[in-house]
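*Asks:* predicted coordinates and the sequence they were generated for:
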Amino acid sequence: MDDQTVFKMDEPVGETRLDTAAQGLIGKPLDRFEGPLKVSGRAPYAYENLAGDPDVAFGYLVLSGTGAGTIRSVDTSAAEKAPGVLAVIHDDNGPRASADPNDQRPAAIKGEVVHFGQPICVVVAETYEQARDAARLVKVDVETKEGQYDLLANRDRAHKAQNGAMQAEVTKGDFDTAYANAEVTLDVTYTTPSQSHSAMEPHAATAKWDGDELTIFGCYQLVSTNVGQLAKTLGIPKSKVRMLNPYIGGGFGGKLGIGPESVFAAIAARQLGRPVKIALTRQQVYQATSRRSDTIQRLRLGTTRDGRITALAHDTITSNSPGDEFFEPTGISTVFLYAGENRQITHKLAELNLLLSSSMRAPGEAVGMLALENAMDEMAEKLGLDPIEFRRRNEPEVDPQDGKPFSSRSLVQCMEEGAKRFDWANRPKAPASRREGEWLIGMGMAAASRKNLLQQSSAAISLSSDGRCVVSTDMTDIGTGTYTILQQIAAEILGLPREQVIVKLGDSDLPQAPGSGGSWGANSAGSSVFVAAEGVVAKIAEKLGVKPDEVTMKDGTAIAHNKQTPLAEILKGETITVTGTFKPGRTFKDTHQASYGAHFCEVAVNAVTGETRVRRLLTVAAAGRILNEKTATSQCYGGQIFGIGSALTEELVVDTRTGLLVNHDLAEYHVPVNADVPQLEVVLLPERDRIASPLAGKGIGELAICGVGAAVTNAVYNACGVRVRDYPMTLDKIL
Ligand code: MOS
């Protein structure tokens, strides 16, 4: 018997079973049980499905070697004659799959090349090697046009962005007048480069048709959204697409939307009547999926002499490919992080012939706070204030834009705790004042904040008489720990040993979750598991003739009115199934919700070579109740490492003559390696946010990346007195 239960959160949720259950599973630093499967090759990824099926054919994409132009012809004759080739599929009107989940357009631009690396056609052969070999024989004749590849050169051509992940313009009061009248002012411009997600698992898909029904094994973060995108692109109903993504090797936003691999695999499989697999090479991932936009960010701060912000402007220019309207929302945190009556936060978009720019790890804040938190450091110095004290003086009581109360906000506590642990009081007070041989030592800090984005989510729980429990939802686990966290929640509420709870994810046939994105995954999907599990408890209570509140679930039994009854006796061979749906309600609308943190960094900068070594990095974070200390901490480690890369090395280099991304692999695109990363420290402050979710939690996934790069560059400034405003802060810019 199936039951539905819906919970819309219109009021704060008080104490729950998560607070009172005997096992105390919530928050425990439990291992991700799919981790060993992934690192030992036992978790099948998209490309590994249908392994050994002799019917499977292999596709290899041919990408544009031109940055801009019109396709005159695609000569496939030589490729078609190559050994093993089954078909070369191309269509001038073919799909340019969008990696932006907000963008549901098929985005076909007839016969036009809009960026270097744009997929042109697919060669399908009996083996991968044959397809790859034949792909070299395809001749694409393009009438080239002058392309636009350089954001700086196109800054004046930028137009006001369309509202997207945030409003393109957020203003309050009269910035210009307040800035003109401010006692102390700062006007600085920062630039950040395009970046690549560089997930461990390159994009891949395996497609198989049964009649008019498509099964796609993919690697995407948002199953139901991705099914919709694929169905729309293929021109078939959503109900005809089944997507399976149970294991994903990282995403970082690069897999929020479908990529060309699944579109071409589906088209090729349909045409050939055989299953088709396509894997992008690492180089193709860099060139043909999506990137984080480059940005130009102008920060203006006006303050009183004692450091109260009276005027704040953050004006950004970002880029995207022709016709794509997503903009990097750099100002998200600037809207609410600091006080100030007169504000102006704007975003413009310049059209460049580069691949799609889309969401990457903390879209907006991750690079917006590189600028904001660097500017705060510059202003603190101008004012002669400790950077923490400057931030404290501008701590708003309520959301400074619209006056909503914060659901919880522990920024000051995070800064204070971090300062204590990092011995901030003993930092070098003046730049370039501490030296160890040829190394200059400096310390810097920055705030972190990431908006809490709660989403509707559903999950089903089946509980059998023998105490076996199955949690199922189309939620994904991209390496973040979803399997383990959902298991913890269900086991805790139902009083079951963890091992008896099986979690099924990543299948579009299962109840719809919002997927992994925007740091909403654990909190949203977890809340739906909470609702479903409470629904199961309610059914048990009904059978016992008591109220749900009177039931304690423990050790595979239900205790009520001093009587302990085993589940087998209550269920008598029956299986209870409840689908729970969680919906954000008034509490979400009526409050401003975000997670907060503070980063502290110590660097050594070599006075001879300009080399920066990060010596210590501490992040103190507060994100409501932590569901699993280990997975939450790991997410923060990831953010810290990302931040070191953003500050010092990460940069997609564009050949501005051709639009080629020059460093399109992990050898040349420099993410930090072990030798670049010191022992990292993460401290999670205890916090309960009863307004934010029934779990009392907020998002933490992307929190730590926000601001951390600025802590690094602020430390570099403190070490050597060089303020580099163009990220990344490579050696040449420091010397
Ligand atoms: Mo994240 S950029 O929403 O995967």
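*Replies:* Received it, and whenever you're ready, just let me know what you need. Numbering: from 1, shown residues only.
*Asks:* quick check: closest non-adjacent residue to whichever residue of the stretch 301-450 of the chain sits closest to the ligand.
*Replies:* Closest approach between the stretch 301-450 of the chain and the ligand, counting by Cβ to the nearest ligand atom: residue 359, at 3.9 Å. (C-beta placed from N, C-alpha, C; glycine too.) Leaving out its chain neighbours, the residue that sits closest to residue 359 by Cβ to Cβ, 6 or more residues apart in numbering is residue 253, at 4.0 Å.
*Asks:* could you do residue 341 as well?
*Replies:* Spatial nearest neighbour of residue 341, chain neighbours left out: residue 173 (4.8 Å); criterion: Cβ to Cβ, 6+ apart.
*Asks:* okay but residue 471 is in contact with residue 486, surely?
*Replies:* Yes. Shown here, residue 471 and residue 486 form a contact pair, counting by Cβ atoms under 8 Å, at 5.4 Å.
*Asks:* what do these two both touch?
*Replies:* Counting by Cβ atoms under 8 Å, 6 or more residues apart in numbering, the contacts common to residue 471 and residue 486 are 459, 503, 529.
*Asks:* for the ligand, tell me which of those residues show up nearby.
*Replies:* The subset of the shared contacts of residue 471 and residue 486 within reach of the ligand, by Cβ under 6 Å from any ligand atom, is empty.
*Asks:* what's the neighbour count on the residue of the stretch 51-200 of the chain found nearest the ligand?
*Replies:* Nearest residue of the stretch 51-200 of the chain to the ligand (Cβ to the nearest ligand atom) works out as residue 197 at 8.0 Å. For residue 197, the count of nearby residues is 23 (other Cβ atoms under 10 Å).
*Asks:* contact partners for residue 391?
*Replies:* Going by Cβ under 8 Å, 6+ apart, residue 391 touches 338, 376, 380, 411, 415, 447.
*Asks:* which ones among these lie within strands?
*Replies:* Mapping these onto strands (DSSP state E) picks out residue 447.
*Asks:* how many other residues sit next to whichever residue of the stretch 101-250 of the chain sits closest to the ligand?
*Replies:* In the stretch 101-250 of the chain, the residue that lies nearest the ligand is residue 221 (5.8 Å; Cβ to the nearest ligand atom). Residue 221 sits with 32 neighbouring residues when counted by other Cβ under 10 Å.
*Asks:* what parts of this structure come near the ligand?
*Replies:* 221, 251, 252, 253, 256, 359, 360, 361, 363, 517, 518.
*Asks:* got JSON lines for the shared contacts of residue 471 and residue 486, with neighbour count, pLDDT and secondary structure too?
*Replies:* Listed next are the shared contacts of residue 471 and residue 486 as JSON lines, based on neighbours: other Cβ atoms under 10 Å; pLDDT from 0 to 100; DSSP: H, G, I helix; E, B strand; the rest coil:
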{"residue": "459", "neighbour count": "33", "pLDDT": "98", "secondary structure": "strand"}
{"residue": "503", "neighbour count": "24", "pLDDT": "98", "secondary structure": "strand"}
{"residue": "529", "neighbour count": "32", "pLDDT": "98", "secondary structure": "helix"}
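*Asks:* out of those, which is nearest to residue 540?
*Replies:* Among these, residue 529 lies closest to residue 540 (Cβ to Cβ), at 16.5 Å.
*Asks:* contact partners for the closest one?
*Replies:* With the criterion set at Cβ under 8 Å, 6+ apart, residue 529 makes contact with 459, 461, 471, 473, 486, 489, 490, 580.
*Asks:* residue 628 versus the fourth one, what's the distance?
*Replies:* When you say that, I think you mean residue 473. Residue 473 is 17 Å from residue 628, where distance means Cβ to Cβ, to the nearest Å.
*Asks:* same check, this time on the second one
*Replies:* Residue 461 sits 19 Å away from residue 628 when distances are taken as Cβ to Cβ.
*Asks:* those two - which one has more neighbours?
*Replies:* Set residue 461 next to residue 628 and count neighbours by other Cβ under 10 Å: residue 461 wins out with 29 against 25.
*Asks:* kindly state the pLDDT recorded for the residue of the chain found nearest the ligand?
*Replies:* Here the chain gets closest to the ligand at one residue, residue 253, 2.7 Å apart by Cβ to the nearest ligand atom. pLDDT, residue 253: 97.
*Asks:* could you verify my assumption that it touches residue 197?
*Replies:* Yes. Taking contacts as Cβ under 8 Å, residue 253 lies within contact range of residue 197: 5.9 Å.
*Asks:* give the residues shared as contacts by those two.
*Replies:* What both residue 253 and residue 197 touch, as defined by Cβ under 8 Å, 6+ apart, is the set 290, 292, 360, 361.
*Asks:* in helices only, show me those residues.
*Replies:* Using DSSP state H, no member of the shared contacts of residue 253 and residue 197 falls within helices.
*Asks:* just the contacts of residue 391 now: which is nearest residue 230?
*Replies:* Nearest to residue 230 among the contacts of residue 391, counting by Cβ to Cβ, is residue 447 at 39.5 Å.
*Asks:* so, low pLDDT: which residues of the chain?
*Replies:* Filtered on pLDDT under 70, the chain yields the residue ranges 1-2, 91-110.
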